[in-house]
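Student: Attaching a predicted model along with its sequence, questions to come.
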Amino acid sequence: MASSRKRVSSSLMTLVVLAGIGGLSWFGAREAADFMERRSEAQVRSVLADAGQDWVGVRSDGLQVLLSGTAPSEVERFRAMTQAGTVVDSSRIVDDMTVAAVDAALPPAFKVELLRNDEGISLIGLVPASTDRAALVETLQNETAAPKVADLLENADYPAPENWDAAITYGLRAAQLTPHAKISIAAGAVSIEALAESRAEKGRLEMELNRSLPASVKLETNISAPRPVMAPFTLRFMIDEQGARFDACAADHEEGRERILAAAMRAGVKGTPGCALALGAPAPEWADAAVAVIGAVAALQQGTVTISDADIALTVPAGVERSDFDKVVANLERALPAVFSLNAHLEEASDAPAGPAEFVATMSAGREMAMRGRITDQQMREAVDSFARARFASVQDSLRSDGNTPGGWTVRVIAGLEALDGLEKGSVKVSPETIELSGDSGDPRAAEHAAAALSKRLGAGAKYQLSIRYDRRLDPALALPDGKECVNRLNIIMSEAAIGFEPNRSTIAGDPTETLDRLAKVMGDCADFQIEAGGHTDSQGSEGFNADLSRSRAQALVRAMSDAGIDVTNMTSRGYGESQPIASNDTEEGREENRRIEFRLISEQPVRSEPLPAPVTVEGTTGEVPEPDPDVEIHMQTEEAPEAEEEMAGPDLPPAKMNPGAAPATVGASEEFQALDEREENIRLPVQTPDDGTPRPAPRPGTAEGGGESGDGNIEQSEATEE
């Protein structure tokens with residue numbers, strides 16, 4: 001019995017112990033689970049609060065985390081789930097959230113970008129599904145001469161917004177009027193960025209766009225016009241007591257304008273100076289020349305410089321040291337592109353002691369003459385002025401009387417003018433020691449003719465220096481056409497051409513080979529001129545369509561010329577539509593005449609992409625006719641210069657022939673020259689230096705030694721011979 005009681009008691013104790021252990025385990029597990037629930041809930045609440053999602057309710061249920069609440073959108077609901085998953089396992093998260101009711105979706109922002117250029121028209125953007133896209137494309141094809149219309153639109157199944165149709169209709173109208181444009185179309189608003197062909201065309205386009213604008217459409221425009229043509233191409237810069245400034249400024253491209261303006265501001269120009277972009281620059285290096293001359297004036301801190309096409313005139317007032325002036329001019333001559341020619345002058349103070357006598361005459365390409373320097377007296381001035389006006393298109397006289405000029409000074413001046421008359425443009429400087437002649441000529445032996453002319457007028461003993469450059473375009477023997485003649489020849493070819501175009505299209509019909517061959521022959525001598533190919537139509541069709549068609553046809557012709565190997569670098573194209581008829585549009589014959597391509601000269605100055613050949617430089621004394629330089633002969637043959645037909649005959653050679661277009665010497669001029677013979681007592685002959693270095697007077701007119709070829713008294717006789 002006792003043994004049985006012991007076993008029962010032992011079993012009860014075991015049960016009690018086990019029950020205690022089990023209770024402790026349950027209590028521990030419960031506490032652990034509660035801890036996990038509280039911790040997970042706190043972590044989820046914290047991360048959602050940091051994300052700004054306070055609308056989410058968080059509740060723990062065992063190991064599960066229940067998310068509740070109303071999400072503003074499906075996106076926010078998803079974000080809440082994602083944020084909670086960063087702190088607890090996503091498998092423990094229970095989504096008990098709802099999404100707020102969504103209002104009816106708003107229509108998207110409908111917009112069309114209409115891009116138009118020479119290649120065609122592109123439609124890009126989003127339109128309502130109700131938009132008739134095929135009709136849009138058909139309208140553009142029928143009302144413009146665009147080569148193609150590309151439909152790159154997308155649509156959305158929403159109703160069209162208010163004023164959408166009015167904006168689309170107006171945008172299509174604007175596309176008909178503007179050949180180069182970006183047109184942005186939205187509901188009730190149109191924005192246009194366009195390029196007009198001229199300032200007049202810009203004004204006409206703006207007026208037409210505003211006139212056809214519906215009241216329900218808001219318009220924004222940004223229309224720019226191309227650069228104007230400037231002839232001559234001019235820049236004038238000065239520094240004086242009023243400061244640095246431009247009187248005129250032109251640039252041939254944007255980068256060049258920025259360089260010119262930067263140079264002007266470095267020279268002291270205040271504010272932001274203006275400089276017009278224009279067509280007609282004589283050479284691609286225009287900006288290089290402009291920057292160089294502005295820098296020269298800035299270095300001297302006073303003076304005026306003018307560039308007119310390729311001629312540069314630098315005038316510096318008295319007060320600048322001669323050494324500084326010479327240094328700046330030398331640097332400027334080295335910096336200038338070879339196409340440009342420089343004439344620099346340092347003025348003398350009026351109250352300063354008279355320096356050496358000097359006479360300078362400059363002749364431009366239009367045979368316009370400017371003379372400055374000293375002359376013996378008023379009567380001699382009138383004689384020289386009359387002599388110059390008989391030979392040059394216009395004369396500006398800034399001569400000063402100086403009774404201390406050397407003997408025979410007037411004859412030396414007239415000899416210099418006579419030699420200068422044989423050039424197309426240039427300058428002559430007469431001093432007591434020498435005569436310096438420089439310039440351009442179309443005569444490959446112009447230096448020899450100038451030397452012979454000086455010899456004929458002055459006789460032996462006077463020194464000269466010639467620097468004459470041969471320009472094949474000025475050579476009458478080559479018969480190269482000028483700009484006007486080039487355009488005339490091109491237009492004659494087009495009037496006789498079989499080139500045609502397909503109806504209402506810019507595609508060339510037929511075989512243009514023969515016409516292109518003829519155009520190539522002309523352009524071989526004319527490619528350096530700036531020429532415009534203008535297209536014209538009759539009045540049938542809309543104005544916008546005709547403008548497009550005419551421009552496209554002109555472009556097609558220029559493109560065909562380029563494909564045929566013709567140099568069209570300096571050729572542009574433009575469409576005039578029906579605006580310039582040459583015949584009535586009421587008949588078929590008149591309409592056919594109005595459908596044409598017509599060439600127009602933009603600038604009479606050729607564009608030089610390469611410098612002219614180096615000048616032929618000769619030094620010697622009159623009485624010596626220089627022998628032809630073999631190297632020069634080779635160079636001239638390379639330039640296709642014709643061989644001179646006449647042989648030089650030393651001092652017996654008659655004076656060089658003058659420009660055929662120059663007026664003959666007038667009777668009044670001869671009478672004035674006769675007065676020189678009557679005033680021998682006031683005429684001092686030039687001093688000659690024999691080989692022994694002893695000065696002696698030059699022979700008097702009419703003596704055996706002088707041969708009657710020097711002295712003022714011979715002027716009338718020479719003039720009569722030339723007349």
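Tutor: That came in fine, so what should we check first?
Student: For the rest of this, base every contact and every neighbour count on C-alpha atoms.
Tutor: Noted.
Student: for stretch 74-88, what is the average pLDDT?
Tutor: Regarding stretch 74-88, the rounded mean pLDDT is 83.
Student: So what touches it?
Tutor: Applying CA atoms under 8 Å, 6 or more residues apart in numbering, the external contacts of stretch 74-88 come out as 40, 43-44, 47-48, 51, 53, 56, 71, 90, 93, 95, 97-99.
Student: Out of those, which is nearest to R381?
Tutor: Using CA to CA, A51 is the member of these that sits closest to R381, with 98.5 Å.
Student: Name all residues that make contact with the closest one.
Tutor: Contact analysis of A51 by CA under 8 Å, 6+ apart lists Q83.
Student: coming back round to it: which of the contacts of stretch 74-88 lies closest to M523?
Tutor: Relative to M523, and with distances defined as CA to CA, the nearest of those is A51, at 75.4 Å.
Student: Model confidence at that closest one, what's the number?
Tutor: pLDDT, the model's per-residue confidence, is 82 for A51.
Student: Got phi/psi on it?
Tutor: The phi and psi values for A51, taken as degrees, to the nearest 10, are phi -90, psi 0.
Student: related to what we said a few turns ago, now the contacts of stretch 74-88: which count as buried?
Tutor: The neighbour-count test (16 or more other CA atoms under 10 Å) applied to those identifies 40, 44, 47-48, 53, 56, 71, 93, 97 as buried.
Student: Of those residues, which is the nearest to M371?
Tutor: The nearest one, if we look at those relative to M371 and count by CA to CA, is Q53, at 91.7 Å.
Student: what about the helices in the stretch 101-250 of the chain?
Tutor: Chain-ordered helices for the stretch 101-250 of the chain, with DSSP state H, counting those that start in this stretch as the definition, fall at 133-143, 164-177, 199-211.
Student: Between helix 199-211 and the second one, find me the angle.
Tutor: Using axes from the mean of the first three to the mean of the last three CA atoms, to 10 degrees, the interaxial angle of helix 164-177 with respect to helix 199-211 works out to 160 degrees.
Student: what bits of the stretch 101-250 of the chain have low per-residue confidence?
Tutor: Judged against pLDDT under 70, the low-scoring parts of the stretch 101-250 of the chain cover residues 101-106, 226.
Student: Identify the farthest-apart pair in the buried ones among the contacts of stretch 74-88.
Tutor: Spatially, the most separated pair among the buried ones among the contacts of stretch 74-88 is S40 and A71, at 21.3 Å (CA to CA).
Student: per-residue pLDDT, M494?
Tutor: At M494, the model reports a pLDDT of 90.
Student: number of nearby residues for it?
Tutor: 19 (other CA atoms under 10 Å).
Student: mind listing what it touches?
Tutor: For M494, the contact set (CA under 8 Å, 6+ apart) comprises 515, 597-598.
Student: Next: A357.
Tutor: Neighbour list for A357: 373-374, 405-406, 431-432 [criterion: CA under 8 Å, 6+ apart].
Student: Buried only: go through those residues for me.
Tutor: Buried members of the contacts of A357, scored by 16+ other CA under 10 Å, are 373-374, 405-406, 431-432.
Student: For those, give me TSV that also has secondary structure, distance to A383 and pLDDT.
Tutor: Written out in TSV, the entries for those read as follows (DSSP: H, G, I helix; E, B strand; the rest coil; distance: CA to CA, whole Å; pLDDT from 0 to 100):
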residue	secondary structure	distance to A383	pLDDT
G373	strand	15	89
R374	strand	13	89
T405	coil	16	87
P406	coil	17	87
S431	coil	19	90
P432	coil	20	87
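Student: Show me which pair in the residues you listed is furthest apart.
Tutor: Using CA to CA, the pair of the buried ones among the contacts of A357 lying farthest apart is G373 and P406, separated by 13.6 Å.
Student: quick revisit: Serialize the buried ones among the contacts of A357 to JSON lines and add fields for distance to S212.
Tutor: Rendered in JSON lines, the data for the buried ones among the contacts of A357 read as follows (distance: CA to CA, whole Å):
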{"residue": "G373", "distance to S212": "65"}
{"residue": "R374", "distance to S212": "68"}
{"residue": "T405", "distance to S212": "75"}
{"residue": "P406", "distance to S212": "78"}
{"residue": "S431", "distance to S212": "71"}
{"residue": "P432", "distance to S212": "75"}
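Student: now, among those residues, which is nearest to I508?
Tutor: The shortest distance between I508 and any of those, using CA to CA, involves G373 and amounts to 61.9 Å.
Student: For the closest one, which non-adjacent residue is closest in space?
Tutor: Spatial nearest neighbour of G373, excluding adjacent residues (CA to CA, 6 or more residues apart in numbering): F359 at 4.3 Å.
Student: who's that neighbour bridged to?
Tutor: Per DSSP bridges, residues listed as beta-bridge partners of F359: G373, V430.
Student: What separation do you get for it and D402?
Tutor: 11 Å (CA to CA, to the nearest Å).
Student: Compare these two and say which one has the larger neighbour count.
Tutor: Ranked by neighbour count (other CA under 10 Å), F359 and D402 place F359 first, with 22 against 15.
Student: Check the gap between the more buried one and R372 for me.
Tutor: If you measure F359 against R372 using CA to CA, the figure is 6 Å.
Student: Put together a markdown table for the buried ones among the contacts of stretch 74-88, with distance to M523 and secondary structure on each row.
Tutor: As requested, the buried ones among the contacts of stretch 74-88 are exported to a markdown table (distance: CA to CA, whole Å; DSSP: H, G, I helix; E, B strand; the rest coil):
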| residue | distance to M523 | secondary structure |
| --- | --- | --- |
| S40 | 89 | helix |
| V44 | 84 | helix |
| V47 | 80 | helix |
| L48 | 80 | helix |
| Q53 | 78 | coil |
| V56 | 82 | coil |
| A71 | 77 | strand |
| I93 | 84 | strand |
| M97 | 82 | strand |
